[in-house]
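Peer 1: Got a predicted model here, sequence first, then my questions.
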Amino acid sequence: MALPTADIGRVLSRQTEAFSSPVLRQITQDVERVRGINLGQGVCNLPPPELLLRHATDAAYAGINRYTNPRGLKSFRDAMAAKLASFNGIEADPETQILATCGATGGFEAVCAVLLNPGDEVVVFEPTYPYHMQALKRYHAEARILPLESPHWTVDFDRLRAVITPRTKFVLVNTPGNPTGKVFSGGELLELAEVLSSTDALLVTDEIYEYMTFDGRPHVSPGSLPELADRTLTIGGYSKTFAITGWRIGYLVVPAPLSEAMTSFLDAVYVCAPAPLQQAVAETVNELGPEFYADLRAKYEKKRDAFYRGLEAIGLDPVRTEGSYYMICGFERRFPGVGSMEFVSRMIRESGVGAVPSSDFVRDHESAKWVRFCLAQEDEVLQDALRRLDRLGAT
């Protein structure tokens with residue numbers, strides 16, 4: 001039976017508009033067509049740790065290939081509990097508070113599905129990660145947007161206090177942030193705690209880039225602060241830390257009263273995260289020492305500094321990111337009057353290098369004259385990208 005394409009609007013669910021791909025997917029395809037360098041999508045083109053790969057193979061051959069408890073393997077939850085205590089300063093019960101998820105994205109989906117009713121409000125800092133916004137749209141929540149103040153992406157806490165209402169279900173914090181690379185300081189989080197203290201709003205944090213903080217900045221998990229611990233849901237994962245974006249291994253830390261509802265959602269939607277990969281991550285986390293994470297931080301800080309200098313040298317205006325493996329870069333001084341999507345199209349056409357336009361991260365597409373580069377590439381690839389970018393405007 002043929003699909004009645006003439007009536008496709010009747011066939012599709014009304015929800016399909018909430019599943020539209022962000023612009024970065026189109027950028028990836030455009031770069032592939034010219035066989036260029038994709039510094040747009042954060043796929044992380046670096047090798048995973050050898051130890052991790054060996055553990056994954058061993059786990060599969062050992063027969064860890066079946067459904068797990070929907071909360072995740074006990075070994076994984078125990079490893080996360082130990083890691084959360086030692087690195088994040090979060091004490092969480094692996095039996096009642098820690099859940100394995102299909103990546104950080106799966107964790108945020110569970111949070112939205114369990115917490116949000118149509119008409120609920122969520123406070124989101126802008127620039128913001130487009131997948132967060134799509135999830136809020138799917139659950140018919142209203143995003144209350146609070147712009148961060150560039151170039152240091154500071155929070156106006158008086159404005160934050162004003163946008164929170166009795167309908168606010170949670171405030172969403174991404175630290176280190178995508179696309180800004182903003183790292184929330186302990187002082188900022190204490191100010192946030194003071195704002196929330198007179199409200200019923202929860203705090204949801206996405207900390208997927210937690211090991212990538214620069215210039216001596218510590219990563220401070222909001223859930224580690226006594227003032228925020230009882231109202232915080234923490235999302236994390238290993239896609240970026242271990243360069244395994246295709247494995248989809250994340251975790252979610254929730255207050256114990258929410259655990260059963262979260263588990264039921266995870267079970268209903270995807271049953272469990274991949275079993276042998278959970279085991280591999282658990283064993284690797286248990287065995288890697290602090291030097292691995294220090295080397296990771298130093299590697300990305302070096303990439304940031306070199307790419308920053310290169311962009312400046314060709315007349316662009318990069319922002320020295322505080323964390324994550326992204327860099328925002330302005331172009332208006334050299335290319336006045338050009339919009340971000342137009343600039344990216346020109347960049348791909350003239351240099352073969354792709355980035356994500358600011359229009360993917362902000363509502364005001366006209367005034368935001370910047371793009372986001374992803375630095376999760378080998379050094380020689382980043383240097384090649386800079387050489388190519390130097391061609392801009394030469395034709």
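Peer 2: Great, that's in hand.

Peer 1: Would you state the strands of the stretch 51-200 of the chain in chain order?
Peer 2: Assigned by DSSP state E, counting those that start in this stretch, the stretch 51-200 of the chain shows strands spanning 98-101, 121-126, 142-147, 168-174.

Peer 1: Mean neighbour count and distance to residue 59 for those - can I get that in a markdown table?
Peer 2: Backbone N, C-alpha and C define where each C-beta goes, glycine included. Listed next are the strands of the stretch 51-200 of the chain as a markdown table, based on neighbours: other CB atoms under 10 Å; distance: least, CB to CB, whole Å:
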| stretch | mean neighbour count | distance to residue 59 |
| --- | --- | --- |
| strand 98-101 | 27 | 14 |
| strand 121-126 | 22 | 37 |
| strand 142-147 | 17 | 39 |
| strand 168-174 | 24 | 31 |
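
Peer 1: So which of those strands is nearest residue 282?
Peer 2: When those are compared by CB to CB, strand 98-101 sits nearest residue 282, at 9.4 Å.

Peer 1: Show me what the closest one is packed against.
Peer 2: Judged by 3 or more CB pairs under 8 Å, 6 or more residues apart in numbering; DSSP states H and E, the packing partners of strand 98-101 are helix 74-83, helix 103-115, strand 250-253, helix 259-270.

Peer 1: Can you list the strands that it pairs with?
Peer 2: Next to strand 98-101 in the sheet, as set by DSSP bridges, lie strand 250-253 (antiparallel).

Peer 1: so how far is the strand it pairs with off the chain centroid?
Peer 2: Centroid separation for strand 250-253 versus its chain: 13 Å, with CA atoms, centre = their mean, to the nearest Å.

Peer 1: what comes into contact with that strand?
Peer 2: For strand 250-253, the surrounding residues in contact (CB atoms under 8 Å, 6 or more residues apart in numbering) are 72, 76-77, 80, 84, 90, 92, 97-107, 110-111, 208, 223, 233-239, 262, 273.

Peer 1: Can you go through these and name the buried ones?
Peer 2: Among these, those classed as buried by 16 or more other CB atoms under 10 Å are 72, 76-77, 80, 84, 90, 92, 97-107, 110-111, 208, 223, 233-239, 262, 273.

Peer 1: Tabulate the helices and strands packed on strand 98-101 in a markdown table, adding columns for mean pLDDT and distance to residue 229.
Peer 2: Formatted as a markdown table, the helices and strands packed on strand 98-101 follow (pLDDT from 0 to 100; distance: least, CB to CB, whole Å):
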| stretch | mean pLDDT | distance to residue 229 |
| --- | --- | --- |
| helix 74-83 | 98 | 15 |
| helix 103-115 | 97 | 17 |
| strand 250-253 | 98 | 10 |
| helix 259-270 | 96 | 15 |
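
Peer 1: Of the ones you listed, flag the one that's most buried.
Peer 2: strand 250-253 (a mean of 28; mean count of other CB atoms under 10 Å).

Peer 1: CA-only coordinates of that one in PDB, if you can.
Peer 2: What follows is strand 250-253, C-alpha atoms only, in PDB (Å, rounded to 0.1, in the frame of the first residue of the first chain):
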ATOM      1  CA  GLY A 250      24.700   9.000  30.600                       C
ATOM      2  CA  TYR A 251      23.400   9.200  34.100                       C
ATOM      3  CA  LEU A 252      20.800  11.100  36.100                       C
ATOM      4  CA  VAL A 253      20.800  11.900  39.800                       C
END
